[in-house]
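In: just need the structure, nothing else, for what follows:
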Amino acid sequence: MATQKKSTHNPGPIILDVEGLTLNQHDIRRIQHPLTGGVILFGRNFQSRKQLTALTKSIKQVRADILICIDHEGGRVQRCKTDGFTHLPAMRRLGDLWMRTGPQASSAITAMKVATASGYVLATELRACGVDFSFT
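Out: Have a look, this model is predicted:
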């Protein structure tokens, strides 16, 4: 794998994807480009926790300052579905819970606790695998 390159510039505005479960030379060249600021991962980039962690580590070895993102919203848009990842509710369901309960104290607190717990689980599981940001 490529050795870690220290960037001498700020990350660029482009977020790009990678082709598969591991990086290829084309992915590496694109990640090294000065306009690249992030990599977004999809279902095709996930096989297991171990593989995902290896992929994010290899991305950071190519470019330490890059933002690693995933589109992992819960519900049907959940890229990491196996290997111990928690099945999360769709974020819309959390919004619906809030809208149904309204701002009444006890109901609002329950809705906030459910949303907070879901966010905590999502973030904890993804950060453990080296993912920095989820489009939730």
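In: tally of neighbours for residue 20?
Out: By other CB atoms under 10 Å, 11 other residues sit near residue 20. For every residue, glycine as well, the C-beta is placed using N, CA and C.
In: that one is in contact with residue 45, isn't it?
Out: Yes - the pair residue 20 / residue 45 is scored as a contact, 6.9 Å apart, by CB atoms under 8 Å.
In: now do the contacts for the closest residue in space to residue 63 that isn't next to it in sequence.
Out: Distances taken as CB to CB, 6 or more residues apart in numbering place residue 31 nearest to residue 63, at 5.1 Å, with adjacent residues excluded. Residue 31 makes contact with 16, 18, 23, 39, 59, 62-63, 66 under the criterion CB atoms under 8 Å, 6 or more residues apart in numbering.
In: can I have the buried ones of those residues as a ChimeraX selection?
Out: A single ChimeraX command is used to select the members of those judged buried by 16 or more other CB atoms under 10 Å:
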select :18,23,39,59,62,63,66
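In: show me the contacts for residue 123.
Out: If you count contacts by CB under 8 Å, 6+ apart, then residue 123 has residue 134 around it.
In: to clarify, my last question referred to residue 10.
Out: With CB under 8 Å, 6+ apart, residue 10 has these contacts: residue 65.
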